[in-house]
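Trainee: Sequence plus the predicted model coming up.
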Amino acid sequence: MLAGAAAGCLGPGPRPQGAGGPPSSCDPLFAWETDSRWDLAVLDGPVSVAPGGVVRAGMTPYHPRTATVTLPAGGGGPTAGAVMDALGSEVGAPLAAPGRRTTEVARHADIRFEDAARPVSYAALRFVTAAFRYHCAGDQDVRSGGRVLTWDKASLTVGLVDCDGPRDRNPDSEPARLAVELRCT
């Protein structure tokens, strides 16, 4: 599927991610291969809690990642901003900009438990990985391509599961199942 981007291409020469500059006559059109999946960004526990106990969920980063755009070598291609705008339109979601880190979603929380528990706290994001190719409008020759790793900024899901409690009382979501699988064995 092709999606058009509003930004133009830069002239020849190396260019850092997100660099701007005067547009050339290239209006990039993108072809995407995307994959979207939940993964944990933060994972704590389990810890044993007595009735009435308080747990300070530290929200420990789990497999920290940084949003990245790999642009075509040699310059002359679309900017990271043009790539991200087009990908955001393709997947219909607000995406983390290049350089953002998953560690930024970690938040501390004090949680009181009425009953004994062995909780695991987690935060998850819907990650988007994409490979792209592009060509200029009016020219069907594929110029080059690149890759993107990012996440849907609106997808942040935070929760708790209890490793000792009945499983049907834990949230019924893919992030909760991942937390149970990784910490409640």
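Mentor: Received the coordinates, thanks.
Trainee: the helices in this protein, which residues?
Mentor: Taking DSSP state H as the criterion, the chain carries its helices at 80-91, 174-183.
Trainee: Mind giving me the packing neighbours of the last one?
Mentor: Judged by 3 or more CB pairs under 8 Å, 6 or more residues apart in numbering; DSSP states H and E, helix 174-183 is in contact with strand 28-43, strand 119-136, strand 157-162. To be clear about C-beta, it is placed using only N, CA and C from the backbone, and glycine gets the same treatment.
Trainee: quick one: which of those is nearest residue 104?
Mentor: strand 28-43 (9.0 Å; CB to CB).
Trainee: could I get that closest one in CSV with only the CA atoms?
Mentor: The C-alpha trace of strand 28-43 is given here as CSV (Å, rounded to 0.1, in the frame of the first residue of the first chain):
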residue,chain,number,x,y,z
PRO,A,28,8.0,10.9,-1.5
LEU,A,29,5.4,8.2,-1.7
PHE,A,30,6.0,5.2,0.7
ALA,A,31,5.4,1.5,0.5
TRP,A,32,5.3,-0.1,4.0
GLU,A,33,5.7,-3.5,5.6
THR,A,34,4.6,-3.0,9.2
ASP,A,35,4.3,-5.2,12.3
SER,A,36,2.5,-4.1,15.5
ARG,A,37,2.7,-6.0,18.8
TRP,A,38,2.5,-5.5,22.5
ASP,A,39,5.6,-5.7,24.6
LEU,A,40,6.5,-4.8,28.1
ALA,A,41,8.5,-1.6,28.7
VAL,A,42,8.5,-1.8,32.5
LEU,A,43,8.3,-4.9,34.7
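Trainee: Buried residues, that strand. List them.
Mentor: Within strand 28-43, the residues scored as buried using 16 or more other CB atoms under 10 Å are 28-30, 32, 38-43.
Trainee: swap in stretch 73-92?
Mentor: For stretch 73-92, by 16+ other CB under 10 Å, it's 76-88, 90-91.
Trainee: Quick check, central residue of the protein?
Mentor: For the chain, residue 151 is the residue whose C-alpha lies nearest the centre (CA atoms, centre = their mean; 1.9 Å).
Trainee: Need the pLDDT of it.
Mentor: According to the prediction, residue 151 has pLDDT 97.
Trainee: Residue 131 against residue 30, yeah?
Mentor: No - taking CB atoms under 8 Å as the definition, residue 131 is not a contact partner of residue 30, at 10.4 Å.
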